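Student: Provided below are the primary sequence and the corresponding predicted coordinates.
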Amino acid sequence: MQVKPFITLVGAGPGDPDLITLKGIKAIREADVILYDALVNEELLSYAKPSCTMIYVGKRAERISTSQDYINKLLVDYALTHGHVVRLKGGDPFVFGRGGEEIDYAREFNIPTAVVPGISSSVGLTGLQQIPLTYRGISESFWVITGSTSDGRLSDDLKSAVHTSATVIVLMGYAKLAQIVDFYQQHGKGQLPIALIQNGSLPNERIALGRIDNILEEAERNLVGVPAIIVLGEVVAKHQAFENIKKELQSLTV
């Protein structure tokens, strides 16, 4: 039987397997090959048919990982030899997921593609914590920014974001938390509310709430580490537990 190559990028959501879309599950069930990421909940692989070939292609900072060029090649090679390849990615494929690069590479070989959007951690994890990214009279927009560029520098977009009242969500930036804190302090934002969410939506989730001036201590006290997102903005104070923090701070000043 002649193979019909096809590639589908599927967003698996922020971690909880229940947060993938029905269309994403359908794609997994139809896949001949699945290439899945480090942040994908492996429970989702149980939807695949028995004959499906499943290959881990995870990428993690400061660990041995699969290069993007190699992943691109695998996508095309398996599509040409096996048929329908699903690229299963944490969050959403087009929000710092390099999905655009994978689509571009597939198009060079005239392989048809499709995308199934996923819930990005930037909106999903904040929503689960009941932190509204926009709120009338507080925040009119939100920015999603990478924590570091391909050459390891702090993103220049933070230099613009620090001057706005917008909510800022930093992905893949926890390793640079101290730099981000220092940067905001330099711009007089030491009292800005901030949240850190590690392993959001999962049973081992950890969260630290505070202000720029004390968040490093809060992160250590709550044992927060990677992978974690950083949320900066006045809307963080809408988190239910933030009221307790404000009361604690008030009691210390009495």
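Tutor: Alright, I've got the coordinates.

Student: what are the bridge partners for the closest residue to A114 other than its chain neighbours, then?
Tutor: In space, and not counting its chain neighbours, A114 is closest to T8: 4.7 Å by Cβ to Cβ, 6 or more residues apart in numbering. Placement of C-beta: from N, CA and C, glycine included. When assigned by DSSP bridges, T8 has beta-bridge partners V86, A114.

Student: what stretches of this protein score poorly on pLDDT?
Tutor: Applying pLDDT under 70 to the chain flags residues 60-64, 245-254.

Student: longest helix anywhere in it?
Tutor: Counting residues, the longest helix in the chain under DSSP state H turns out to be helix 68-82.

Student: Identify each buried residue in that helix, please.
Tutor: Within helix 68-82, the residues that count as buried by 16 or more other Cβ atoms under 10 Å are 71-72, 74-76, 78-79, 82.

Student: Can you list the residue ranges for helices in the stretch 51-200 of the chain?
Tutor: 68-82, 99-107, 121-128, 157-161, 177-186 (DSSP state H, counting those that start in this stretch).

Student: Does anything pack onto the fourth one? Which helices or strands?
Tutor: Packing partners of helix 157-161 (3 or more Cβ pairs under 8 Å, 6 or more residues apart in numbering; DSSP states H and E): strand 142-146, strand 167-171, helix 177-186.

Student: For the longest helix of the chain, which helices and strands make contact with it?
Tutor: strand 6-11, strand 33-36, strand 53-56, strand 84-89, helix 99-107.

Student: Nearest to T167, out of the ones you listed?
Tutor: The closest of these to T167 is strand 6-11. By Cβ to Cβ, the value is 21.5 Å.

Student: ok, residues contacting the closest one?
Tutor: Outside strand 6-11, the residues that touch it by Cβ atoms under 8 Å, 6 or more residues apart in numbering are 20-21, 24, 27-28, 31, 75-76, 79, 83-93, 97, 99, 102-103, 106, 111-120.

Student: which residue sits closest to L39 in space, ignoring its chain neighbours?
Tutor: G90 (3.0 Å).

Student: V170 now?
Tutor: In space, V170 comes closest to I230 once its chain neighbours are excluded; the distance is 4.0 Å by Cβ to Cβ, 6+ apart.

Student: A strand includes that neighbour, no?
Tutor: Yes. Judged by DSSP: H, G, I helix; E, B strand; the rest coil, I230 forms part of a strand.
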